[in-house]
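A.B. asks: need coordinates for the following:
(4 chains)
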Number of protein chains: 4
Amino acid sequence: MSTPLLPREKVFRDPVHNYIHVRYRVILDLINTPEFQRLRRIKQLGVASLVFQGAEHSRFTHSLGVYEITREICDNFAANYPHEWDDSQRLVALCAALLHDIGHGPYSHTFEHIFATDHEAITRRILLDESTAVNRILRAVAPDFPAKVASVIDHTYPNPQVVQMISSQIDADRMDYLLRDAYNTGTNYGLFDLTRILRVMRPYRDGIAFDANGMHAVEDYIVSRFQMYQQIYFHPVSRGMEVILGHLLRRAKVLYEAGRFDSGFNPRLLIPFFEHRFDLQDYLRLDDGVLNTYFTYWLDYPDVILRDFADRFLSRRPLKSVTFTDQTAHLLPRLRELVAQAGFDPTYYTAENDSFDLPYDAYDPSSANPKTQIEIMQLDGSLEELSTQSQLVHALRGKMTGDKRFYFPKVMLSQQGDLFAPVYQQFQHYLLNGALIAPQ
Amino acid sequence: MSTPLLPREKVFRDPVHNYIHVRYRVILDLINTPEFQRLRRIKQLGVASLVFQGAEHSRFTHSLGVYEITREICDNFAANYPHEWDDSQRLVALCAALLHDIGHGPYSHTFEHIFATDHEAITRRILLDESTAVNRILRAVAPDFPAKVASVIDHTYPNPQVVQMISSQIDADRMDYLLRDAYNTGTNYGLFDLTRILRVMRPYRDGIAFDANGMHAVEDYIVSRFQMYQQIYFHPVSRGMEVILGHLLRRAKVLYEAGRFDSGFNPRLLIPFFEHRFDLQDYLRLDDGVLNTYFTYWLDYPDVILRDFADRFLSRRPLKSVTFTDQTAHLLPRLRELVAQAGFDPTYYTAENDSFDLPYDAYDPSSANPKTQIEIMQLDGSLEELSTQSQLVHALRGKMTGDKRFYFPKVMLSQQGDLFAPVYQQFQHYLLNGALIAPQ
Amino acid sequence: MSTPLLPREKVFRDPVHNYIHVRYRVILDLINTPEFQRLRRIKQLGVASLVFQGAEHSRFTHSLGVYEITREICDNFAANYPHEWDDSQRLVALCAALLHDIGHGPYSHTFEHIFATDHEAITRRILLDESTAVNRILRAVAPDFPAKVASVIDHTYPNPQVVQMISSQIDADRMDYLLRDAYNTGTNYGLFDLTRILRVMRPYRDGIAFDANGMHAVEDYIVSRFQMYQQIYFHPVSRGMEVILGHLLRRAKVLYEAGRFDSGFNPRLLIPFFEHRFDLQDYLRLDDGVLNTYFTYWLDYPDVILRDFADRFLSRRPLKSVTFTDQTAHLLPRLRELVAQAGFDPTYYTAENDSFDLPYDAYDPSSANPKTQIEIMQLDGSLEELSTQSQLVHALRGKMTGDKRFYFPKVMLSQQGDLFAPVYQQFQHYLLNGALIAPQ
Amino acid sequence: MSTPLLPREKVFRDPVHNYIHVRYRVILDLINTPEFQRLRRIKQLGVASLVFQGAEHSRFTHSLGVYEITREICDNFAANYPHEWDDSQRLVALCAALLHDIGHGPYSHTFEHIFATDHEAITRRILLDESTAVNRILRAVAPDFPAKVASVIDHTYPNPQVVQMISSQIDADRMDYLLRDAYNTGTNYGLFDLTRILRVMRPYRDGIAFDANGMHAVEDYIVSRFQMYQQIYFHPVSRGMEVILGHLLRRAKVLYEAGRFDSGFNPRLLIPFFEHRFDLQDYLRLDDGVLNTYFTYWLDYPDVILRDFADRFLSRRPLKSVTFTDQTAHLLPRLRELVAQAGFDPTYYTAENDSFDLPYDAYDPSSANPKTQIEIMQLDGSLEELSTQSQLVHALRGKMTGDKRFYFPKVMLSQQGDLFAPVYQQFQHYLLNGALIAPQ
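C.D. replies: Modelled structure (predicted):
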């Protein structure tokens, strides 16, 4: 395995970590690949940047941040736990950290939903397909190195310490995005004491544990994560913009499949996806700007729904929402009916959307997707699961949190009289304090 | 003049100012126009974001920041200087602050240079042309209101206080971009004490002055501004990417004019600019993503120079540079010759680029473009020009700072032997410590 | 009532709030009283500054901070809720905020415990006794003004909004000390979004409520408060230094009462407290430095226990501790016996110390000391108690948190052999992972 | 030389450096000495904390900070410059950094001036005198180790790298106090990019240089230093409080020497200093609180001047000031005369005070006290002096900056009529905009 060092450490200035430090030539070469540079053109938070205006950062800066945290973990392990940590694992860990998001496309979750792409599968292909610059660079380290890096990312790598660095309930990925999203949105909910957590992390045979004297820093991280989900990632307006985007792409697909796209509005780089026959190169041509460019084309398109949704997306005109529950869900057909009476096609102009998260869970072997629990190492070396040590984490453990929302056009909330005023009034009878209710 | 308030103040969370506060409906309506939302898709720092990776913020967030600072200035003036400040000027000031950058296009300076557009003229048109949403909203305030706002932006508005808020050597625009660029690049060079400066600003008959007890905060702002120019805005690599972009657009234009664009590579939204017949609507369709999309198209284009520069831009492969002076400029033809000998067309693969700034100047009526000097108000009400009060500002006053650089392909610095090794060696004889020298 | 303004607003620079703004002459005059300036010489966190070394700030800066937060609340109420808030209440609120801690003495809780002083009673006397500069200044506002300010501080003032600003589960006092202690200890546990909380506070008939859209900021404050208690205020070493201080003062009192203080070690300013006959002037002469000065005297005192504890306090040599529970408390006599066998008087060299806190509670009329619960105002104006809206607060509500600790000399943990090695070993059998256990 | 490591790294939380990391037992033992713990009771900024209220931090926290910066420099040198840096120098550097201020007493400069003490000589004695705990711990490392540490502090140590770390124009001491004073005063003038400076520092044969690519960070440090002096350290009110303190101590000494101190007001711990016969133990008993305690005693003293100055100091009632120059100095006798006419003894109630600083200087062998200039290392390894590289530093180089002030009682500025109104008016004729002028 050949891993030459740079003649001199290279640094990238970073607002969250101050500097990103690069020592290995292979890391610098990976950063300079077209596949990685493309991440500059994909926003980390997708449509949420339309709600939290400062959150304009890309997957590129996030990926460098995950690399940097991993590098600091490795430094700590090598300096303080030379017997528990095998430092020859460092390069595979760093590469996996840097590349873990390389397969993401524009507006990832919505795009995947409509076009049935899979960013994890694409990550594997970028790592393993000989056509990519990333593969060429990894291959030069060792022939089996690309596969090793890929196996860290899909959790099958044999060293559990390396896997948990990149992917666990408290990993370099989550720690970077919480801090970075907090920094850029301007909230302080996502702040936690990264320095302290890095100091109390320690490798042991079966993975990574945390010293007992750092329990409160870990607890604070879990609470911060919970708060970021509640307040940023699940924000109702942001989900309203996701609904807009999903319906816009769906409408375009329907029109394309119906043969109704004329050549002037040709979304050249999207065609392979409309036709379900894209290859890796097609995928790597996409970014946020490409999609936005076609949305701009569609502002002039004859179809009124496509045009309206393109404009809604580009000019940020979301649908509005109320929460509903299992008890009030039976009222939704009536609301859709009223939206239709007000002149909107409810297929496009209404939506249900739910967002739920499990802030923390202990290991449960019977679960479909068991989580690696967070272990706190006691003074005598024994391990205790985090929620047995922290009252706050105990309160959050194993509980799904989030809500369900029904989306509809803003005009339905109008107080002013027009032709449809009586419809609006009936609609508003079902709403109280932002929630759906059964009217008296 | 009709200026209704919102039923409830609306806030936008912002990482620099914490919150942006909006009280007037007209401000909220302007923010929601397509023309203003488009600024989300144009990066504030253009290609510099390719060097300072965190600097991914847009002209949208900057414009809100300029608005917010102006709002705070008006609040201060209204509360503390009711006799010197006419608060009926507030709305025109706020609108001008919000809209001062509305005419910017993607990668503004480079684009303007190649396509002879003029963002100031376009700003006027967006404000004054009845086709825009911005004009419609301003017009509803009063028929002459669009023209008033435009006159603030072009410095012809009769109230000098309003003009200086938006445009002077220490205005809301500069203060926001210095703080915001510093925050996002992660430097602290651009930090200064905004709160203090806002507190010591005071209106007087002929404009805005600063209390003597705030002199040091103003001084610190000038020094910060100087440092940001030296270290961020004039960064050699960033200028190297600007060179790439300029040559890429120029090559595309040459090819188009030569009739060599086939329809498959049709840059639909750029055509009106290639043909010098764009209208306002064409301009408003452009953003960073649109240009990047066409650069992605051109990755497959037959012309080798266009293809290489598109790839250099998207994958961030800048030209390298050395400084030169009037004394060494005569050596440049020789360097260009060597670049040509190494196989590169020097028209595209070399460039001269200079960046100079005047950090601060006192008023000089004989200057082509006299600057509004910064006035420090003494305890007895008399005014003294800033550089008479501050040793640091005195040192910077009236002095242009910056450098001139010659750009060339990185391979010219190669130490390794290939066919052109002797050419590279000759080239390198002209360089020492990053500067051009006459070899011995 | 006479409340002249200063000719010009006066500001104090502050690291937490940036600036403290003073408009009323009476506020500036109160700050300049000897009684208030004395707070500069009393540390806010007392002995905790010996553990969190940066936490060297005084009750003076904290008191200014409480004033500033109250001022901002009043500004918000006056600007946005002119019908719900009577702005003639502003001055009494500001004075109460500034003076709420004026009766504190050095190392307050420990000192009060030993000498049976009562800082709340003393606060009243400073406000109401005609001998003080504070009273003279308040009296000049209106004859009944001192009593009004005092009644705000002891919660009997008729306006519940004013009382809750200064004293409730989310008041200006708590908000300032959490932020300030976090800033100076260098933790970020105590950070929360003060700006947001101030914006969503709103007066209503029966007190202060919080807008529903600010619920998460209030939740975050409660969690921050919980974490600061767990990690800073209840820190075991800090409590160990409190034990040292308490035993030191107790020993001095015992010796004094036994007539064993000779004149050379005369703690002149403490005598009135040893003799239970202090007057207000005696109390106002005390500060941290006065106590420390006498501790320095006692370094040379013949009594070995007094001398040792004086040195332990000044040179920061705390007792060590383990946690215990009701289940293991029966073992404490055995531990004390072993400490005695190792040559230490257990009256002074051991201690039990517990620290418990109720992070948040809803109003419970049957409680001995019912708390003003935090009310969240819904869109339709109805109020909901905080823990019904927040899962995290629900988890903390009404639950006491903290621990009990047993303190003893560090040498008991010694691993090295000396005369008492067998005693130490027996002692250590009772300890595991920092807790008291029944040995097998 | 015996330098055992702790079984586990110990950390101290610090608001400026986040954590202070201690690996060597000798460092921990030094921190725990009475001589070092005493620094907790001496404020870093002395009376300036009466003007910048947040600046309540002690020499203890500053000393830990200097240690931490030195530790980081050594880590960098050891990791990146193993051939240029001899890591066996690390311990002597760390000890010198930690202990460089150990000889400071309370209100150092003023106290030294009145009592002719010398903190540098006392530092040497604390290190070298066998009676101290510090000496005992250093001696255990090696018999000549105390003298080595002392020689670093007094610049005679043979390794110039170690000396420059602790004492040069850009050393660990200055870097910590600028950052810490800025943090605690709440200014951002003193901020600079410590991380960057530490990264570009590099040892060479004759000392420490800085990489050319870090020139701007070094420049920014010089500018920050200049600004902190102008705005914090030279603040007129702070100097006014120093005048109060100096005159207070002088008056006490005069009274003592005149035999006018009765036993009830006995400043026990100050007596050795009044009598010029203090030993090291006497000195180590002093701290800020001890002095303040005696000032409190003196509030009741019969001498009216002593009493007034004690009260002025404790209650923060400074003298006022105006600037004067060599051109206006001839007017000072007249001002003193007017102060005397208004009933004040000008010996105590007036003062001249000047504060001048040399922000940066190049090496000048002809200077009385030549400075180690800052060297910037070019790409080819040659060294260039900083001011040849930076326009800003060039402007500051070799220029003394500061001012001279005349201090007098505030009542001299009174606008209101009393018995002395005509005297005040005459006095005020000499003042304009805070400066002394020759009246027309």
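A.B. asks: every contact and neighbour count from this point should use C-alpha atoms.
C.D. replies: OK.
A.B. asks: which regions of the stretch 1-150 of chain A lie under the pLDDT threshold?
C.D. replies: Applying pLDDT under 70 to the stretch 1-150 of chain A flags residues A:1-2.
A.B. asks: can you list the residues of it near chain B?
C.D. replies: Residues of the stretch 1-150 of chain A lying close to chain B (CA under 8 Å from any CA of the partner chain) are A:12-16, A:18, A:32-34, A:37-38, A:52-54, A:56-58, A:61.
A.B. asks: out of the residues you listed, which are inside strands?
C.D. replies: Among the residues of the stretch 1-150 of chain A next to chain B, the members found in strands (DSSP state E) are A:12, A:13, A:14, A:18.
A.B. asks: now the end-to-end length of stretch A:184-200.
C.D. replies: 27 Å (CA to CA, to the nearest Å).
A.B. asks: tell me if that stretch is near chain B.
C.D. replies: Yes: applying CA under 8 Å from any CA, one finds stretch A:184-200 touching chain B at A:184, A:185, A:186, A:187.
A.B. asks: can you spell out which helices and strands pack onto the host helix or strand of residue A:150?
C.D. replies: Assigned by DSSP states H and E, residue A:150 belongs to helix A:145-153. If you count contacts as 3 or more CA pairs under 8 Å, 6 or more residues apart in numbering or on different chains; DSSP states H and E, helix A:145-153 packs onto helix A:90-99, helix A:119-128, helix A:133-141, helix A:160-166.
A.B. asks: those: which one's closest to chain C?
C.D. replies: Nearest to chain C, of all the helices and strands packed on helix A:145-153, is helix A:160-166, at 23.8 Å by CA to the nearest CA.
A.B. asks: next secondary structure after the closest one?
C.D. replies: Past helix A:160-166, the next helix or strand by DSSP H and E is helix A:172-185.
A.B. asks: need the residues that contact that next one.
C.D. replies: With contact meaning CA atoms under 8 Å, 6 or more residues apart in numbering or on different chains, helix A:172-185 is reached by A:16, A:45, A:52-57, A:62, A:65-67, A:69-70, A:97, A:165-167, A:188-192, A:194, A:224-225, A:228, B:13-15.
A.B. asks: can you list the residues of stretch A:184-200 next to chain B in CSV and add pLDDT?
C.D. replies: Formatted as CSV, those follow (pLDDT from 0 to 100):
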residue, pLDDT
A:184, 96
A:185, 95
A:186, 91
A:187, 86
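A.B. asks: can you put those in TSV and add distance to residue B:339 and neighbour count?
C.D. replies: Shown next, in TSV, are the residues of stretch A:184-200 next to chain B (distance: CA to CA, whole Å; neighbours: other CA atoms under 10 Å in any protein chain shown):
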residue	distance to residue B:339	neighbour count
A:184	43	24
A:185	46	25
A:186	48	21
A:187	51	22
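A.B. asks: out of these, flag the one nearest to residue B:136.
C.D. replies: The shortest approach to residue B:136 among these belongs to residue A:185, at 31.5 Å (CA to CA).
A.B. asks: what separation is there between the closest one and residue B:210?
C.D. replies: Per CA to CA, residue A:185 is found 33 Å from residue B:210.
A.B. asks: and residue A:256, how many neighbours does it have?
C.D. replies: Burial measure for residue A:256: 16 neighbouring residues, criterion other CA atoms under 10 Å in any protein chain shown.
A.B. asks: out of everything not next to it in sequence, what's closest to it?
C.D. replies: Leaving aside its chain neighbours, residue A:256 sits nearest to residue A:274 (7.1 Å; criterion: CA to CA, 6 or more residues apart in numbering or on different chains).
A.B. asks: what about the one you found, how many neighbours?
C.D. replies: Burial of residue A:274 is recorded as 18 neighbouring residues (other CA under 10 Å).
A.B. asks: quick check: buried residues in stretch A:138-153?
C.D. replies: Buried positions in stretch A:138-153, judged by neighbour count with 16 or more other CA atoms under 10 Å in any protein chain shown: A:138, A:139, A:141, A:145, A:146, A:147, A:148, A:149, A:150, A:151, A:152, A:153.
A.B. asks: residue A:300 and residue A:306 touch, don't they?
C.D. replies: No: here residue A:300 does not reach residue A:306: they are 9.4 Å apart, not a contact under CA atoms under 8 Å.
A.B. asks: between those two, who's got more neighbours?
C.D. replies: The neighbour count for residue A:300 versus residue A:306, taken as other CA under 10 Å, is higher for residue A:306 (23 against 15).
A.B. asks: what distance do you get for that one to residue A:246?
C.D. replies: Distance of residue A:306 to residue A:246, given as CA to CA: 12 Å.
A.B. asks: now residue A:110
C.D. replies: Applying CA to CA to residue A:110 and residue A:246 gives a distance of 6 Å.
A.B. asks: can you add distance to residue B:285 and give the helices and strands packed on helix A:145-153 back as a markdown table?
C.D. replies: Shown next, in a markdown table, are the helices and strands packed on helix A:145-153 (distance: least, CA to CA, whole Å):
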| stretch | distance to residue B:285 |
| --- | --- |
| helix A:90-99 | 34 |
| helix A:119-128 | 30 |
| helix A:133-141 | 34 |
| helix A:160-166 | 41 |
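A.B. asks: tell me which residues touch residue A:290, please.
C.D. replies: Taking CA under 8 Å, 6+ apart, we find residue A:290 in contact with A:269, B:289, B:290, B:292, B:293.
A.B. asks: go with 10 Å
C.D. replies: A:41, A:106, A:267-270, A:296, B:289-294, B:296 (CA atoms under 10 Å, 6 or more residues apart in numbering or on different chains).
A.B. asks: for residue A:10, what is the enclosing helix or strand?
C.D. replies: Element membership of residue A:10, judged by DSSP H and E, is strand A:5-14.
A.B. asks: chain center to the strand or helix carrying residue A:310: distance?
C.D. replies: Here residue A:310 sits within helix A:304-314, counting by DSSP H and E. In terms of CA atoms, centre = their mean, to the nearest Å, the centre of helix A:304-314 is found 25 Å from the chain centre.
A.B. asks: got the buried residues for it?
C.D. replies: Result for helix A:304-314 [16+ other CA under 10 Å]: buried residues A:305, A:306, A:307, A:308, A:309, A:310, A:311, A:312, A:313, A:314.
A.B. asks: show me the shaky parts of the stretch 201-350 of chain A.
C.D. replies: Scanning the stretch 201-350 of chain A for pLDDT under 70 picks out the ranges A:263-264.
A.B. asks: residue numbers of it in contact with chain B?
C.D. replies: Listed as neighbours of chain B in the stretch 201-350 of chain A under the rule CA under 10 Å from any CA of the partner chain: A:264-265, A:268-269, A:284-294, A:296-297, A:299, A:311-312, A:314-317.
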